[in-house]
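Undergrad: structure of the sequence below:
(chains A and B)
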Amino acid sequence: MNATELLRELSEASGVSGYETEAGAIARRAFEPHADAISSDALGNIIALKRGDRAPDAPRRAIMLAAHVDEIGLMVKGYEDGFVRVATVGGVDLRTIVGQEVVVHGARPLPGIVGSRPPHVLSPEERQKAVPLDDLFIDVGLSQESLEEVVRVGDLITMRREMVELAEGYVSGKAFDDRAGVVSLALCLESLSTLRHAWDVYAVGTSQEEVGLRGATVSAYGVAPDVAIAVDVGFGAQQGVDEKESITMGGGPSIAKGPNIHPVMFDRLVETAKAHEVTYQVEYAAGATGTDAWAIQVAREGIPTALLSVPLRYMHTSVETLNVRDMERTGRLMALFIAGLDEAFASQVGI
Amino acid sequence: MLLKDLSEARGVSGDEGAVREVLLKAVEGLVDEQRVDALGNLICLRKARRPIEEGRWPRTVMVTAHMDEVGLMITGINGDGTLRFEKVGGIDDRVLLSKQVLVGKDAVPGVIGYPPIHLIPAADRQKAPDIGKAAIDIGAKDKAGAERLVSLGDYATFRTCYEVLDEGGLRTVKGKAFDDRAGCAALVELLHEDYALDLYAVFTAQEEVGLRGARVAAFAVNPDVAFALEGTICDDLPKKKDVSPVTELGKGPALTFMDQSVIADRRLVRLLVDTAEGLNIPYQFKRAAAGGTDAGAIHLAREGVPSAVVAVPSRYIHAPVSMLSLDDLDHTVQLMKAALHTMEGGLNA
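TA: I've put the predicted structure just below:
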């Protein structure tokens, strides 16, 4: 599997929270060759099962891997004189979308521009303020009449962004949060076809993470795994961000530690990385991680959960940037971790 | 398609070479003389194809369009391999975040990064970005890695493709730098016609940093009258307050009475209005004295040159993507050709 190409395909697909169909179909296709069964649920989670190779007398055990398919975006709120008014879906930084190209997913996809006023006509005071949502319009270059034929209130809008390959193994595009996690899940499944593993593996492309971890909430209930790992993106070191708030780009998956993480899961991930010389780093999350791990941990009677983060710069923008190696290492670490799962580990985590 | 080639060519002020190459090809066979001057202006002459009557004025008309676009210049390399930059020309900081750019002669791809919303205090999210915290990321791991790919002083342009948005209807297209590649495209079209006057088509450099190319070109050409063709402000987004849109898309070429750089010559404005009305060509007036044009430099050349401005309304100029209506562009060409012909009979005071 070519991780860069899969990421490109996923990144350029649309899948705003609640409307993950297009990106979800690609996730499904990526999981399918390595899965024994694949399904989706009421909230649009994509659930791939790869069966473990367990001894006849051993109990059935399962691990769930979760990465969210949805992305932040915009929604059509109305129109005025041929321009589209929008609402945000998820944590969009309005300051990063001015002058941006978008796709309005109407009856047919329409390319558009988030309009900006020329600097010539703006006062210095106006230029000091972020453009408020009420003053943001999308221009698809159509008359009001033509617009009404194609676009309706409630239509979704995604950033229009081709992924671009930068230097030294870095790539940049939209929705790497968390399609990078989806790629690492696919890579993990692929690795597992060449590794022996006793436990069943559920790779879940979750929906609606950006609006409140909703897909993970119901899929963790549905899958009812013994343990789980969520994969998301983490704040990579970058200009303008304190080193203490970030993880190292190119430093491998970041293994989180804190109340959201089962300590035995954490220890085993670190041991696995050390034993197999997988580059990794550790980050500390003193409370809510804001990831699917937070929802999965408290599903049903509680699930021992871990969190891996792929270092990512410029999160929640259309130029999210990551190192492909970090994504690959994340997939590999999970596969090696899964290959090592046995009954001794089950008793260690108390299941 | 010439407008596409012009729009996608990369030419920030002071680095107009790539745009000039496109234009040199486009004017091949249409001009009798051509040269590139010390500032990089491309000066072309299409001589009168019919004799100019003795004593007739004007005899030499200069029409300009500027080749340069606003952009960025690389002014520093950070330890983490990201690039610091300065703006070249007037760009609102608020359109810079999260854009793809191409850096230097080799068009190294990069992105303009900024701290993520999660790590920005809520109060700051209402303010314009602090552009000092932004940097161009080309994927280099460190300073040495970046130095292998770019040099200080390299120019960066927005990475934007030309595309048709509405084939019928408004005939809208989008692309970068319609200010003033729209003018360049119109000016090339004017060279396809025969006139009874000497037409200097001048594609100027460095308009965006102070009308500098036009100034020296006007001195050299020493025309009787001049027109600047522009892609001008079109601020017709819906607004809460009653604010002038300056121009409106699809309503025809915009004629300037006055902007920050020039009061257009009254005779030339009258000529343009009469021509448009006589031929039923849609036109509009630019309804705010905002911005400056090459006419600002030209009308002050030597002992003064009567000058006017004709512009294609362009939404979102000085931002990564602009939009215009091909109808407006066509009508600009039509109006200018007709105005030049009218002038063959002399200019009324």
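
Undergrad: when you work out contacts or count neighbours from here on, use the C-alpha atoms and nothing else.
TA: Fine.

Undergrad: helices of the chain, start to end?
TA: Let's take chain A. Listed in chain order, the helices of chain A (DSSP state H) span A:3-12, A:21-31, A:124-128, A:144-150, A:176-192, A:214-223, A:263-275, A:292-296, A:324-339, A:343-349.

Undergrad: chain B is the one I meant
TA: Shown for chain B, the helices assigned by DSSP H span residues B:2-8, B:17-26, B:143-149, B:178-190, B:212-221, B:266-279, B:294-298, B:326-343.

Undergrad: what does the second one contact?
TA: Under the criterion Cα atoms under 8 Å, 6 or more residues apart in numbering or on different chains, residues B:2, B:5-6, B:9-11, B:40, B:42, B:67-68, B:188, B:203 lie in contact with helix B:17-26.

Undergrad: need the contact list for the residue nearest to residue B:206 when sequence neighbours are not counted.
TA: Taking Cα to Cα, 6 or more residues apart in numbering or on different chains as the measure, residue B:206 lies nearest to residue B:13, with 4.6 Å between them; neighbours along the chain are not counted. In this structure, residue B:13 makes contact with B:68-71, B:88-89, B:205-209, judged by Cα under 8 Å, 6+ apart.

Undergrad: domains for the chain, by residue range?
TA: Using chain A here. A:3-71+A:174-349, A:74-159 (automatic domain parsing).

Undergrad: that's the other chain; I wanted chain B
TA: Taking automatic domain parsing as the reference, chain B has its domains at B:2-69+B:176-343, B:71-158.

Undergrad: report the distance from stretch B:110-122 to the chain centre.
TA: The chain centroid and the centroid of stretch B:110-122 are separated by 31 Å under Cα atoms, centre = their mean, to the nearest Å.

Undergrad: tell me the average confidence for it?
TA: Along stretch B:110-122, the predicted confidence averages to a pLDDT of 95.

Undergrad: can you check stretch B:202-217 too?
TA: Predicted confidence along stretch B:202-217 averages 97 (mean pLDDT).

Undergrad: nearest to residue A:170, out of the domains of chain B?
TA: Evaluated over the domains of chain B, closeness to residue A:170 peaks at domain B:71-158, with 5.2 Å, by Cα to Cα.

Undergrad: let me know the pLDDT of the closest residue to residue A:48 other than its chain neighbours.
TA: Counting by Cα to Cα, 6+ apart, residue A:38 is the residue found nearest to residue A:48 once chain neighbours are left out, at 4.3 Å. Residue A:38 carries a pLDDT value of 98.

Undergrad: for chain B, see how far away residue A:38 is.
TA: Distance, residue A:38 to chain B, using Cα to the nearest Cα, to the nearest Å: 34 Å.

Undergrad: which residues touch that residue?
TA: Counting by Cα under 8 Å, 6+ apart, the residues that residue A:38 touches are A:28, A:32, A:46-49.

Undergrad: again, but for residue B:65
TA: So residue B:65 contacts B:180-181, B:183-184, B:187, B:202-204, B:228-230, B:294 (Cα under 8 Å, 6+ apart).

Undergrad: other residues contacting stretch A:105-125?
TA: Among residues not part of stretch A:105-125, those counted as contacts by Cα under 8 Å, 6+ apart are A:97-104, A:127, A:136-141, A:150-152, A:155-158, A:160, B:90-92, B:95, B:165, B:233, B:235, B:237, B:290-291, B:316-319, B:321.

Undergrad: average pLDDT for it, rounded please.
TA: For stretch A:105-125, mean pLDDT rounds to 95.

Undergrad: picking up where we left off before, in CSV: the helices of chain A, plus distance to residue A:208 and mean neighbour count.
TA: Written out in CSV, the entries for the helices of chain A read as follows (distance: least, Cα to Cα, whole Å; neighbours: other Cα atoms under 10 Å in any protein chain shown):
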stretch, distance to residue A:208, mean neighbour count
helix A:3-12, 16, 21
helix A:21-31, 12, 21
helix A:124-128, 34, 12
helix A:144-150, 26, 14
helix A:176-192, 11, 28
helix A:214-223, 5, 22
helix A:263-275, 25, 17
helix A:292-296, 10, 28
helix A:324-339, 22, 24
helix A:343-349, 29, 12
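
Undergrad: ranking those helices by mean pLDDT, which is last?
TA: Sorting these by mean pLDDT places helix A:124-128 lowest, at a mean of 92.

Undergrad: just the buried subset of the contacts of stretch A:105-125, written out for PyMOL, thanks.
TA: Here is the PyMOL command that selects the buried residues among the contacts of stretch A:105-125 (16 or more other Cα atoms under 10 Å in any protein chain shown):
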select buried, (chain A and resi 97+98+99+100+101+102+103+104+127+136+137+138+139+140+141+150+151+152+155+156+157+158+160) or (chain B and resi 90+91+92+95+165+233+235+237+290+291+316+317+318+319+321)
